[in-house]
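In: with the input below, show me the fold.
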Amino acid sequence: MKDLRRIIKTTIQDFLNEDIEFLLNKESDDYNHIINDYGVKDITKVHSDIVKFSMEAIETFKNKIDLFKDIRIIFVNNIGEGALGRFRSGTSSSIPIVILSEKDILEGSKEYNVPLWVAVETTIFHELGHAICELEYDLFGYEYLEYGDEEEWVENFAYELHNYGDIPQDLETFIKEYKQKHE
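Out: Residues are numbered from 1 along each chain as shown. Predicted structure coming up:
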C-alpha cells in the first residue's frame, strides 16, 4: 500500500509538473520575465483545489471558445495590487499565458465570499478575455469585438461565460473570421 501511494504521488506530481506548468520553457524570455517580475511558484506547492479548478476552467474555455489550441498557466508568488491573475501580453498569437496568484485567489475568494472554484474560473476567463482582445486587435484592428473599454468587455465576457456558458455575438463573428483566415 505504501508503494502504491508513492507511485500515485509521483505520477500525479510528474503530471502536474509537466502539464500545469504547461511546459513553459524555462529558458524562454517569457519565463524569465515572469520569474523576475513575480517569482514562479512550484506547482507542487500550489493549493490542489486551485490546480484542479484551473484545469477545469481551461477545459470549459476551450470547449466553448475554439481559438487557442493550448493555454499555459503559471502560478506566481505575487502579482501585486491584489490582482488575482494577469494575462501575459504578447502571447495571444501563439500560446496565451495566464499568470495566477494562489495567495490572492485564496484571499479574494474569502473577501468576496465566493467559492474557490468561482474565483479561479472567473479569473482565468477574465484574463483569457484579454488574450482574445489582443489577438483580435493584432489580426484585424478593432474590426469585430465591440468594446470601447476593453476591461468592461472582458468583465462582461467572463461573467456571461461563467454564469450562462454564453459567448457574445461579436466574439462568435471574430472566431468565424479567424477560422476562415487560418484554414
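In: mind listing what the closest residue to residue 165 other than its chain neighbours touches?
Out: With sequence-adjacent residues excluded and distances taken as CB to CB, 6 or more residues apart in numbering, residue 165 is closest to residue 64, at 6.5 Å. Bear in mind the C-beta positions are built from the backbone N, C-alpha and C, glycine included. Taking CB atoms under 8 Å, 6 or more residues apart in numbering, we find residue 64 in contact with 161, 165, 167.
In: now the residues you listed as a markdown table including distance to residue 40, neighbour count and secondary structure?
Out: Converted to a markdown table, the contacts of residue 64 look like this (distance: CB to CB, whole Å; neighbours: other CB atoms under 10 Å; DSSP: H, G, I helix; E, B strand; the rest coil):
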| residue | distance to residue 40 | neighbour count | secondary structure |
| --- | --- | --- | --- |
| 161 | 27 | 24 | helix |
| 165 | 32 | 10 | coil |
| 167 | 31 | 17 | coil |
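In: now the residue lying closest to residue 98 once chain neighbours are set aside: how far from residue 61?
Out: Nearest residue to residue 98 in three dimensions, chain neighbours excluded: residue 127, at 4.5 Å (CB to CB, 6+ apart). To residue 61, residue 127 is 10 Å away according to CB to CB, to the nearest Å.
In: ok, now residue 84?
Out: 16 Å.
In: how about the strands in this protein?
Out: 72-76, 85-87, 97-101 (DSSP state E).
In: what helices and strands are in contact with the first one?
Out: Using 3 or more CB pairs under 8 Å, 6 or more residues apart in numbering; DSSP states H and E as the contact criterion, the elements in contact with strand 72-76 are helix 29-37, helix 48-64, strand 97-101.
In: could you list the low-pLDDT ranges of the protein?
Out: For the chain, applying pLDDT under 70 flags the ranges 1-27, 30-33, 35-38, 183.
In: show me where it has its helices.
Out: 2-19, 29-37, 48-64, 102-111, 116-140, 150-164, 169-181 (DSSP state H).
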